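Trainee: just to be clear, the model below is a prediction. Sequence and coordinates:
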Amino acid sequence: MEIQNLEAFLQVARERSFTRAAAALFLTQPSVTARIQALEQEMGRPLFERRGRTVRLTDVGEALLPFATRALELLQEGAEAARESEGEGTISIGATVSAATSILPELIVEYRRLRPEVRITIRYGHSNEVLELLRDGLVDAALVVRSLHEPLIAMEPLIADPIVLVVPPKHVLATRPLVSIGDVTSERLISMQWGEGFEEFERWMLDEMHARATINADGIPLGMMLIARGAGVGFAPSRAVEAYERAGLVRARPVRGIPPAYHQIFLALRTPRRLSASTEAFVQMTRERFPRPSVPARSRHRPARR
């Protein structure tokens, strides 16, 4: 069996569409169809049933699927082992923007000291997108901000950051050691998607503070830049703010009276799968750097009303 035919088979099985599989593989649809037909000729049976614009695996296709998946994984592992034997290891890390902002820079710097010869690739996305990259073997490890129940993915909590108020450096609240809820209600709020607990915290602000964001920014970096320029104030995880505060762009302040909301970051890995030496070194370093946090049980649910 040719590797390219197995790759096409797995992609069609994932996408349930020849068109989407072709786009993912950067091929034309006739090329993908030809590869599937060649594989079906080898098997002597159809691998897919076509139903309108979608396709599904036949019983033969279902039987082949785990073996095709493992065959490609073994080839990838073999290629990685060969590169590492020559001192040319690689690692691909998937991360949400907020996870990358919070902890990834320090992890990369530390990992570079341990393994200076390893080539590192970083890919961004929302938690669902990053986990899909992990499922498809396009990244070796992932840092996500939402704990999703996936049968073939193990999730390990790394950190649980308290949420702080972020204000411009010359804002009237910037010099106060502790801010009250009343101080915030009259401010223009900037909303930033920071992952687990974000939606519950936003609902609490609406229900209890009667406050709604006037600007919705898709991610912490943009939100920080808006706050730095005086467009408003916003809530964000404390670790995600540290670099911007050190640069003098914003100031972070704790707020008295807000519920114990936490921003959690998880390390995600495929299971069962043997990790390459490069990936194993990154995983072990990360675990040692961030022992599993203890998060109050109350913070895992909707914030309590005052």
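Mentor: Good, I have the coordinates.
Trainee: what's the mean pLDDT across stretch 195-211?
Mentor: Stretch 195-211 shows a mean pLDDT of 83.
Trainee: one more: stretch 66-82?
Mentor: Stretch 66-82 shows a mean pLDDT of 75.
Trainee: could you find the closest non-adjacent residue to Leu72?
Mentor: In space, and not counting its chain neighbours, Leu72 is closest to Leu6: 6.0 Å by C-beta to C-beta, 6 or more residues apart in numbering. Every residue, glycine included, has its C-beta placed from N, CA and C.
Trainee: same check, this time on His210
Mentor: Counting by C-beta to C-beta, 6+ apart, Thr185 is the residue found nearest to His210 once chain neighbours are left out, at 7.3 Å.
Trainee: report the contact partners of that neighbour.
Mentor: Counting by C-beta atoms under 8 Å, 6 or more residues apart in numbering, Thr185 touches 209-211.
Trainee: strands - which of those residues land there?
Mentor: Per DSSP state E, strands hold no members of these.
Trainee: which stretches in the stretch 51-200 of the chain count as helices?
Mentor: Using DSSP state H, counting those that start in this stretch, the helices of the stretch 51-200 of the chain run over 59-85, 97-102, 104-114, 127-135, 181-185, 198-204.
Trainee: any stretches of the stretch 101-250 of the chain with poor pLDDT?
Mentor: Applying pLDDT under 70 to the stretch 101-250 of the chain flags the ranges 196.
Trainee: could you rerun that using 80?
Mentor: Residues of the stretch 101-250 of the chain that meet the criterion pLDDT under 80 lie in 146-151, 194-197.
Trainee: show me the strands in it, by range?
Mentor: Ranges of strands in the stretch 101-250 of the chain, per DSSP state E, counting those that start in this stretch, are 119-124, 141-144, 153-167, 179-180, 190-192, 215-217, 234-237.
Trainee: deepest-packed of those strands, please.
Mentor: Of all those, strand 234-237 carries the top mean neighbour count, a mean of 28, counting by mean count of other C-beta atoms under 10 Å.
Trainee: that one pairs with which strands?
Mentor: Partners of strand 234-237 in the sheet, by DSSP bridges, are strand 153-167 (antiparallel).
Trainee: by how many degrees do the partner strand and helix 104-114 diverge?
Mentor: Angle, strand 153-167 to helix 104-114, by axes from the mean of the first three to the mean of the last three C-alpha atoms, to 10 degrees: 120 degrees.
Trainee: mind saving the C-alpha coords of strand 153-167 as CSV?
Mentor: Output of strand 153-167 as CSV, limited to C-alpha atoms (Å, rounded to 0.1, in the frame of the first residue of the first chain):
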residue,chain,number,x,y,z
ILE,A,153,-6.7,12.7,24.5
ALA,A,154,-5.4,13.0,28.1
MET,A,155,-5.8,16.4,29.8
GLU,A,156,-3.5,17.5,32.6
PRO,A,157,-4.1,20.8,34.5
LEU,A,158,-1.1,23.0,34.7
ILE,A,159,-2.0,26.4,36.2
ALA,A,160,-5.1,28.2,37.6
ASP,A,161,-4.7,31.9,37.5
PRO,A,162,-6.9,34.4,39.4
ILE,A,163,-8.6,37.0,37.3
VAL,A,164,-7.5,40.7,37.7
LEU,A,165,-8.6,44.0,36.4
VAL,A,166,-6.4,45.5,33.7
VAL,A,167,-6.2,49.3,33.3
